[in-house]
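> just the structure for this:
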Amino acid sequence: MKMREAQKLILEKTGVDHTGEPDLDPSDERFLCEYAHNELGSDFIFISHYPTSKRPFYTLDDPEDPGFTKSFDMLFRGVEVSTGGQRG
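Take a look at the predicted model:
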């Protein structure tokens, strides 16, 4: 799920607006993991397309989504356990 989609989901389901933030906070990560578990049947969820300003300079920008990177965080049971991305 792209980060902007995750932030929109959080806003719709909880009323908490973090749509202008460049990263997820721990409560967002916990909510998304609960959502993945209850709605998708998974203990894992990948959040992708973080803003270019948030990621290291070597993370590849997505040419089809300017301003956002081809990067991800893997969340597991409420905690970020891995980060990765395509390097340019």
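
> those strands in the protein, which residues are they?
Along the chain, counting by DSSP state E, strands occupy 44-48, 71-76, 79-85.

> so what's the spatially closest residue to residue 54 that is not a sequence neighbour up against?
Spatial nearest neighbour of residue 54, excluding adjacent residues (C-beta to C-beta, 6 or more residues apart in numbering): residue 22 at 4.2 Å. From N, CA and C alone the C-beta is placed, and that goes for glycine too. Going by C-beta atoms under 8 Å, 6 or more residues apart in numbering, residue 22 touches 50, 51, 53, 54.

> what is the orientation angle of the lowest-mean-pLDDT helix or strand in the chain with strand 71-76?
The helix or strand of the chain with the lowest confidence, counting by mean pLDDT, DSSP states H and E, is strand 79-85 at a mean of 95. Strand 79-85 and strand 71-76 are oriented at 160 degrees to each other (axes from the mean of the first three to the mean of the last three C-alpha atoms, to 10 degrees).

> for residue 33, which of the strands of the chain is the nearest?
Evaluated over the strands of the chain, closeness to residue 33 peaks at strand 71-76, with 5.3 Å, by C-beta to C-beta.

> who touches the least confident helix or strand of the chain?
Outside of strand 79-85, the residues within contact range by C-beta under 8 Å, 6+ apart are 24, 29, 33, 55, 59-60, 69-75.

> what is the orientation angle of the longest helix belonging to the chain with strand 44-48?
Ranked by residue count and defined by DSSP state H, the top helix of the chain is helix 3-14. Helix 3-14 and strand 44-48 are oriented at 120 degrees to each other (the same axes, to 10 degrees).

> counting by contacts, list what helix 3-14 packs against.
Other elements packing on helix 3-14 under the criterion 3 or more C-beta pairs under 8 Å, 6 or more residues apart in numbering; DSSP states H and E are helix 26-35, strand 44-48.

> ok, residue 46 to residue 13 distance?
From residue 46 across to residue 13, the span is 19 Å (C-beta to C-beta, to the nearest Å).

> no wait, residue 75
Distance from residue 75 to residue 13, counting by C-beta to C-beta: 16 Å.
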